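Participant: here is my input, please return the structure:
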Amino acid sequence: MKYRTRSAATENIQKTFINTPEDIISVEGIFKAWERNLEKVKDNKSWLSNKLTHWKYHNLVKPIYSFKTGHRVLEKIQLTLEGKKAIGRVGEDVVTANTSNGIKKITFEDIMKEIPRIRKENPDFNITLSVTPRD
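Facilitator: I've put the predicted structure just below:
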């Protein structure tokens, strides 16, 4: 069954995160990405529950819950490292910039700007950068 394959789950994740550079998306953001009718709350919860089960099975996302009036409520989902790799946000295949000839020289300044973003997007990792002068 196609809906149970990893490739189908990856396609779903791509559609979900296509309009956001962030690796976390709110439940409402998910419904908007899929053009769901926001007034059909019960249908949307059911639909998302099925999607989330599929995405978690393939280790592509992790749910982020809050506690409201004693109940656990799904607030957001976050891409896992596997999810980021699956949709091309990390790994060797990631293209950082497009120029007229397709090649961009990455400068030290570029790296220094990216480190805080990478730390924020990957809270499960201790990311450090060490720079020392040559002797």
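Participant: I'd like the average pLDDT over stretch 63-72.
Facilitator: In this model, stretch 63-72 carries a mean pLDDT of 88.
Participant: number of residues surrounding the residue nearest to I77 when sequence neighbours are not counted?
Facilitator: Distance criterion Cβ to Cβ, 6 or more residues apart in numbering; nearest residue to I77, sequence neighbours excluded, is V61 at 4.5 Å. From N, CA and C alone the C-beta is placed, and that goes for glycine too. For V61, the count of nearby residues is 26 (other Cβ atoms under 10 Å).
Participant: quick one, phi/psi of V61?
Facilitator: Note on V61: its backbone torsions stand at phi -140, psi 160 [degrees, to the nearest 10].
Participant: from I24, how far off is it?
Facilitator: 10 Å (Cβ to Cβ, to the nearest Å).
Participant: quick one: residues contacting the residue nearest to I77.
Facilitator: Residues near V61 by Cβ atoms under 8 Å, 6 or more residues apart in numbering: 13, 52, 55, 77-80, 83.
Participant: I figured I77 hits I25, correct?
Facilitator: Yes: at 6.1 Å, I77 and I25 qualify as touching, with contact defined as Cβ atoms under 8 Å.
Participant: the helix or strand harbouring T16 - what's its average pLDDT?
Facilitator: Secondary structure assignment for T16, by DSSP states H and E: helix 6-17. Here helix 6-17 scores 91 as its mean pLDDT.
Participant: what packs against whichever helix or strand comes after it?
Facilitator: On the C-terminal side of helix 6-17, the nearest following helix or strand under DSSP H and E is strand 24-26. Contacts defined by 3 or more Cβ pairs under 8 Å, 6 or more residues apart in numbering; DSSP states H and E place strand 24-26 against strand 71-79.
Participant: partner strands of the strand it packs on, parallel or antiparallel?
Facilitator: Strand 71-79 pairs in its sheet with strand 24-26 (antiparallel), strand 61-68 (antiparallel), by DSSP bridges.
Participant: nearest to S7, out of the ones you listed?
Facilitator: strand 61-68 (15.7 Å; Cβ to Cβ).
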